[in-house]
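> How does the following fold in three dimensions:
(one chain, ligands or ions: 2)
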Amino acid sequence: MNAAADFKVTLLGTGVPTPRPDRFGPSTLVEAGEQRLLIDAGRGATIRLYQLGVPMGTLDALLLTHYHSDHTSGIPDLWLTGWLSSFYARRTAPLRVIGPVGAKALMSNLEKAYAADIKIRIEDEKLPPAGVATDVTEFNADGVVYEKSGVRVIAFEVDHGDAIKPAYGYRFEYGGRVAVISGDTRYNENVIKHAAGADLLVHEVAAAPPALMGEAYIQRIIAHHTTPREAGTVFAKTQPKLAVYTHLVLLGSESVPAPTIDDIVNETRQTYGGPLLAGEDLMSFAIGDTVAVTRHG
Ligand SMILES: [Zn+2]
Ligand SMILES: [Zn+2]
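Numbering: from 1, shown residues only. Ligands and ions are numbered 1, 2, ... in the order given. Predicted coordinates for the structure are as follows:
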């Protein structure tokens, strides 16, 4: 196995709350050496793992960026389906969850919500109780949140809006290479600080057509995210080997079409001329001397 294949980031879901079949809810798989980390579990994350042939039980940890439901609605599926005896699941040890303050409440409340299922499957299917347990770690500041076998993960606070706290992004370091995931954020200097020297920078983006920019609800959504021009500035300041968009917030209305991928790329080009891709579900990035792109399925 070459070094590049040893550190890989795969976009499982590049979407937002919109229930589109082509862009599932936000979720990203980071594989480094023998370890597999899942960042957020939006709608359909389990389906994408199944498509990749990655058994849910083989995940080392689930890392959460913030508590908007589009980033967490796939957790009960990952947690409970991942506990089944089938080849695609087979978790026999507690699900490790790492997130900003709020992760413990989320997981303990899910345990209450699904108490009947848990009781039934332990009794009926003889599933191991340890496999449905959770091991939750919360943090409340920037710093290292995971370190194992040469993989280091640093959480950094981002700015997703005054009422949407906590919100964090993650920096992954492995074998001298760096991948950074912005999480949901407006233009934020802390992303630039923590994305310094990144080989791969995966960033969110949001855009609306000029005809809708006068609408209050559109302004509110855009104010919680990063415009293509602003993201271009982040990329220009950090100079990753490859910049990738995920969590594409493409706003339209019944009468005004949403911006296209070409529109957001063209806007980004006003501030950034370097390597850039608009992410798609099941797009993978192998990080070595260069960042190699592959598409599954
Ligand atoms: Zn989001
Ligand atoms: Zn959000």
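> got a list of contacts for stretch 195-204?
For stretch 195-204, the surrounding residues in contact (Cβ atoms under 8 Å, 6 or more residues apart in numbering) are 9, 11, 28, 171, 177-185, 191, 225-226, 231, 234-235, 238, 240-249, 279, 285, 287, 291. For glycine as for every other residue, the C-beta is placed from the backbone atoms N, C-alpha and C.
> which ones among these come in contact with ligand 1?
On the criterion Cβ under 5 Å from the ion, Asp184 are the entries of these that sit beside ligand 1.
> part of a helix, is Asn190?
Yes. Checked against DSSP: H, G, I helix; E, B strand; the rest coil, Asn190 lies within a helix.
> Now for it: which residues touch it?
Contacts of Asn190 by Cβ under 8 Å, 6+ apart are 142, 156-159, 169.
> what about the residue of the stretch 101-250 of the chain found nearest ligand 1, how many neighbours?
Residue of the stretch 101-250 of the chain nearest ligand 1, by Cβ to the ion: Asp184 (4.3 Å). The tally of other residues near Asp184 (other Cβ atoms under 10 Å) stands at 27.
> Contact residues of the stretch 101-250 of the chain facing ligand 2?
Within the stretch 101-250 of the chain, the positions adjacent to ligand 2 are Asp184 by Cβ under 5 Å from the ion.
> for the protein, what spans make up the helices?
45-52, 75-81, 103-113, 115-124, 189-194, 216-223, 228-238, 261-268 (DSSP state H).
> State the distance from Gly197 to Val180.
9 Å (Cβ to Cβ, to the nearest Å).
> returning to what we had before: how about the helices of the chain in TSV, adding distance to Thr137 and mean pLDDT?
As requested, the helices of the chain are arranged in TSV below (distance: least, Cβ to Cβ, whole Å; pLDDT from 0 to 100):
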stretch	distance to Thr137	mean pLDDT
helix 45-52	20	98
helix 75-81	15	98
helix 103-113	7	98
helix 115-124	21	98
helix 189-194	19	98
helix 216-223	31	96
helix 228-238	28	98
helix 261-268	35	98
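> CSV for the ones you listed, including distance to Lys165?
Output for these, formatted as CSV (distance: least, Cβ to Cβ, whole Å):
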stretch, distance to Lys165
helix 45-52, 24
helix 75-81, 20
helix 103-113, 14
helix 115-124, 30
helix 189-194, 13
helix 216-223, 15
helix 228-238, 20
helix 261-268, 27
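> Looking from ligand 2, tell me which residue of the stretch 151-297 of the chain is nearest.
Of all residues in the stretch 151-297 of the chain, Asp184 sits closest to ligand 2, at 3.5 Å by Cβ to the ion.
> Hmm, that residue is touching Thr65, no?
Yes. With contact defined as Cβ atoms under 8 Å, Asp184 reaches Thr65; the gap is 6.5 Å.
> Give me the common contacts of these two.
26, 71, 167.
> Go through these and say which is closest to Glu123.
When the shared contacts of Asp184 and Thr65 are ranked by distance to Glu123 (Cβ to Cβ), His71 comes first, at 32.6 Å.
> Now do stretch 216-235: distance to the chain's middle.
Centroid separation for stretch 216-235 versus its chain: 18 Å, with Cα atoms, centre = their mean, to the nearest Å.
> Run through this protein and note the low-pLDDT ranges.
Scanning the chain for pLDDT under 70 picks out 1-5.
> run the last query once more with 90
Residue ranges of the chain with pLDDT under 90: 1-5, 297.
> Show me which of Gly197 and Val180 is the more surrounded one.
Val180 (26 against 14).
> For the more buried one, give the beta-bridge partners.
In this entry, Val180 is beta-bridged to Arg171, Leu201, by DSSP bridges.
> does Ile98 really touch Asp60, like I thought?
No. The criterion here is Cβ under 8 Å, and Ile98 misses it with Asp60 at 10.1 Å.
> So for the two, which sits in the more crowded spot?
Using other Cβ under 10 Å as the criterion, Ile98 and Asp60 rank with Ile98 on top: 21 against 18.
> what pairs with that one across the strands?
Leu63, Thr137.
> OK, contacts around it?
Ile98 touches 61-64, 136-139, 145-146, 153, counting by Cβ under 8 Å, 6+ apart.
> Could you provide those in CSV, with additional columns for neighbour count and distance to Arg220?
Formatted as CSV, these follow (neighbours: other Cβ atoms under 10 Å; distance: Cβ to Cβ, whole Å):
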residue, neighbour count, distance to Arg220
Ala61, 21, 33
Leu62, 27, 29
Leu63, 27, 27
Leu64, 27, 23
Val136, 18, 31
Thr137, 14, 32
Glu138, 16, 28
Phe139, 17, 28
Val145, 21, 30
Tyr146, 19, 33
Val153, 22, 31
